[in-house]
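[1] Need coordinates for the following:
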Amino acid sequence: MTLLSAPQPEDRGPVWLVLVYAVIFGTLLFNLGLAFVNTKVMGISQNHVVLSELALTGLAMGLAMTRRAGLYTLITLYLAYMFMLMALRAQMDPKSVRDALVPIIFYFVGLQIRDIRKVDQIVLWSALLVLAVGLFEFLLLDFYLANVNIFEYYVARGTITADTNFLGEDNALFHSGVRYGGRNFFGFLGAHRVSSVFLEPVSMGNFGAFLVLWGVFRKDMQHRYLLIGIAFTLIILCDARFGMFVSLLFFVVAPLHRTTPRILMLLAPIAIVIALMIYAAAANRIGWDDTMTGRWLYSGQLLMKLDWRGILGISTNATYLSDSGYAFALFQTGAIGLMGLWAIYIYAPMRNDEGWKFKVLLVVYICLLLIVSYSLSTIKTGGLLWLCAGAVDAWQRNGGSVRPQPFMAPGRGRKGQTQPWRWRAAARQASAVR
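    Prediction:
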């Protein structure tokens with residue numbers, strides 16, 4: 001059994017599931033709620049944001065706790081590793097510790113969900129919630145901003161400064177809330193990029209792309225096409241180039257999942273980092289533009305700023321790296337810790353071959369997302385994503401009381417095709433009886 005083996009989850013009562021809904025909706029709505037409070041009730045600070053995230057993460061931790069040792073062992077190893085890095089840096093950085101706790105904790109919450117249809121419902125209701133707020137923002141923008149001043153909220157929480165509003169003093173949107181160069185999709189919708197509950201459109205685009213991923217993966221989901229329709233609506237409303245590109249790519253990759261070897265997924269991030277650095281070096285220019293290739297160039301340039309200490313996560317030379325998820329993750333967590341966590345997820349066992357399809361799609365999503373962002377670890381988009389990842393790994397399609405052994409890793413057949421997933425004899429017999 002591996003550290004993240006997926007044992008048969010215990011039955012969870014309706015109260016537990018209600019709390020899961022509360023946590024997921026909380027991760028989506030807390031920024032919107034704090035922005036409203038900051039605009040209409042009282043000023044907030046970074047401490048309010050931190051306390052909100054701690055409360056949501058703490059509740060998720062409570063929902064993830066069982067008598068099994070996997071969660072506690074992984075968190076203990078991760079914390080020990082991060083404290084070692086901070087000791088080598090000679091500085092404390094609680095944010096870098098938090099970054100991987102969100103994926104770990106929410107993944108283990110997902111492992112407790114027996115019925116994948118419950119996850120379908122959580123995903124669909126989350127999508128409807130984001131769509132409802134997004135349409136409200138799009139149709140009643142002035143009224144929305146009068147109650148939710150996005151720019152002032154980000155100033156209050158310390159993300160930006162008051163003198164950086166290049167959109168104009170009276171504009172309450174975030175920096176990227178307007179596409180002055182013209183929209184990429186459906187220009188008649190205007191320059192405004194909808195951000196809904198996320199308050200900035202990039203996260204909404206990433207969320208929309210994940211909804212498409214789930215819709216492509218869950219071919220048996222009720223209201224599947226409704227979910228995909230909502231997803232593309234969100235991507236268009238926020239004018240997300242990355243979201244549209246990766247969403248269309250999912251339809252191409254999905255039929256190929258059975259021929260995708262595990263080692264390829266394990267090494268994919270390393271290959272992309274090397275490719276980005278080669279591309280940046282070959283371009284031999286400092287300037288970059290806000291295009292797809294321009295963002296790749298800038299990501300490679302930020303990666304090239306890292307020396308060996310930065311790659312190992314022990315550098316004390318602070319520099320701006322946020323526009324490259326790979327560079328930021330390496331600087332914060334270090335290559336050893338990142339590859340360790342990545343390998344644990346890639347080699348985590350699954351209970352049916354549909355789980356492999358999801359894992360291939362999620363690897364594509366993560367590897368491309370990290371070129372421009374590290375939002376997969378933020379609670380507002382990462383909570384739902386990693387809950388779904390855990391639920392898929394624990395999903396047993398046939399149900400029943402017989403507990404099968406973990407699936408064997410997909411092997412390579414003589415003709416180069418992935419061999420079928422194999423059940424143990426007891427599980428096969430149980431399925432035949434049912």
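
[2] what does the helix or strand containing residue 235 rub up against?
    The secondary structure element spanning residue 235 is helix 224-237 (assigned by DSSP states H and E). Outside of helix 224-237, the residues within contact range by Cβ atoms under 8 Å, 6 or more residues apart in numbering are 123-124, 127-128, 130-131, 134, 138, 185-186, 189, 193-194, 196, 204-205, 207-209, 211-212, 214-216, 218, 221, 243-244, 247. Where C-beta positions appear, they are placed from N, C-alpha and C, glycine not excepted.

[3] Does residue 125 touch residue 21 like I think?
    Yes - taking Cβ atoms under 8 Å as the definition, residue 125 is a contact partner of residue 21 at 7.5 Å.

[4] follow-up on the earlier one: tell me the mean pLDDT over the helix holding residue 235?
    For helix 224-237, mean pLDDT rounds to 96.

[5] The helix or strand containing residue 124: what's the following helix or strand?
    Element membership for residue 124 (DSSP H and E) is helix 116-139. From helix 116-139 onward toward the C-terminus, using DSSP H and E, the following helix or strand is helix 141-147.

[6] Helix or strand next in line after that following helix, which one?
    Sequence-wise, the next helix or strand beyond helix 141-147 is helix 150-156, with elements assigned using DSSP H and E.

[7] Return the distance of that next one from the chain's centre.
    In terms of Cα atoms, centre = their mean, to the nearest Å, the gap separating the centre of helix 150-156 from the centre of its chain is 23 Å.

[8] which residues touch it?
    The contact list for helix 150-156, computed with Cβ under 8 Å, 6+ apart, reads 31, 34-35, 38-39, 43-45, 160-162, 165, 167, 171-174, 177, 195, 199-200.

[9] try it again with 6 Å
    35, 38, 44, 160, 162, 165, 172-174, 199 (Cβ atoms under 6 Å, 6 or more residues apart in numbering).

[10] For stretch 183-192, which outside residues touch it?
    Contacts of stretch 183-192 with the rest of the structure, by Cβ under 6 Å, 6+ apart, involve 178-179, 236, 239, 241.

[11] Could you list which of those belong to helices?
    Helix and strand membership here follows DSSP state H; of these, those in helices are 236, 241.

[12] In PyMOL, select just the buried ones from the contacts of stretch 183-192.
    Selection of buried members from those for PyMOL, criterion 16 or more other Cβ atoms under 10 Å:
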select buried, resi 178+179+236+239+241
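
[13] Tally up the residues packed near the closest residue to residue 65 other than its chain neighbours, please.
    In this structure, residue 65 finds its nearest non-sequential neighbour in residue 71, 6.9 Å apart by Cβ to Cβ, 6 or more residues apart in numbering. Under the neighbour criterion other Cβ atoms under 10 Å, residue 71 is assigned a count of 20.

[14] Let me know the average pLDDT across the strand or helix carrying residue 71.
    Following DSSP H and E, the helix or strand that holds residue 71 is helix 70-89. In this model, helix 70-89 has an average pLDDT of 90.

[15] From the chain's centroid, how far away is that helix?
    The gap between the average C-alpha position of helix 70-89 and the chain average comes to 21 Å, counting by Cα atoms, centre = their mean.

[16] ok, then the element right after that helix?
    helix 94-110.

[17] helices or strands up against that next one?
    For helix 94-110, the contact count by 3 or more Cβ pairs under 6 Å, 6 or more residues apart in numbering; DSSP states H and E identifies helix 46-64, helix 70-89, helix 379-394 as packing neighbours.

[18] So for the chain, the centremost residue is which one?
    Among the residues of the chain, the smallest C-alpha distance to the mean C-alpha position (Cα atoms, centre = their mean) belongs to residue 376, namely 3.0 Å.

[19] from memory that residue sits against residue 386, does it?
    No - with contacts defined as Cβ atoms under 6 Å, residue 376 does not count as touching residue 386, sitting 8.1 Å away.

[20] Counting neighbours, what do you get for the residue nearest to residue 133 when sequence neighbours are not counted?
    For residue 133, the nearest residue in space outside its immediate sequence neighbours is residue 196; the separation is 4.6 Å by Cβ to Cβ, 6+ apart. The burial metric for residue 196, expressed as a neighbour count using other Cβ under 10 Å, is 26.

[21] can I assume residue 159 sits in a helix?
    No - remark: residue 159 does not belong to a helix; assigned using DSSP: H, G, I helix; E, B strand; the rest coil, it is coil.

[22] what's around it, how many residues?
    Residues near residue 159, counting by other Cβ under 10 Å, number 13.

[23] can you pull the pLDDT of it?
    Residue-level confidence at residue 159 comes out at 82, pLDDT.

[24] give me phi/psi at it?
    Its backbone dihedrals place residue 159 at phi -70, psi -40, with angles given as degrees, to the nearest 10.

[25] Kindly export stretch 183-203 (C-alpha atoms) in PDB.
    What follows is stretch 183-203 as a C-alpha-only set of coordinates in PDB (Å, rounded to 0.1, in the frame of the first residue of the first chain):
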ATOM      1  CA  ARG A 183     -11.500  41.000 -26.500                       C
ATOM      2  CA  ASN A 184     -10.300  37.700 -27.900                       C
ATOM      3  CA  PHE A 185     -13.800  36.300 -28.000                       C
ATOM      4  CA  PHE A 186     -17.000  38.100 -29.100                       C
ATOM      5  CA  GLY A 187     -15.800  41.700 -29.100                       C
ATOM      6  CA  PHE A 188     -19.400  43.000 -29.000                       C
ATOM      7  CA  LEU A 189     -19.500  42.100 -25.300                       C
ATOM      8  CA  GLY A 190     -17.300  45.100 -24.500                       C
ATOM      9  CA  ALA A 191     -13.900  45.600 -22.800                       C
ATOM     10  CA  HIS A 192     -15.100  44.500 -19.400                       C
ATOM     11  CA  ARG A 193     -13.900  41.000 -18.300                       C
ATOM     12  CA  VAL A 194     -16.200  39.400 -15.800                       C
ATOM     13  CA  SER A 195     -14.600  38.000 -12.700                       C
ATOM     14  CA  SER A 196     -17.600  36.900 -10.600                       C
ATOM     15  CA  VAL A 197     -16.900  35.500  -7.100                       C
ATOM     16  CA  PHE A 198     -13.100  35.400  -7.900                       C
ATOM     17  CA  LEU A 199     -12.900  39.200  -8.300                       C
ATOM     18  CA  GLU A 200     -10.200  38.900 -11.000                       C
ATOM     19  CA  PRO A 201     -10.900  37.300 -14.400                       C
ATOM     20  CA  VAL A 202      -7.800  35.000 -14.500                       C
ATOM     21  CA  SER A 203      -9.100  32.800 -11.800                       C
END
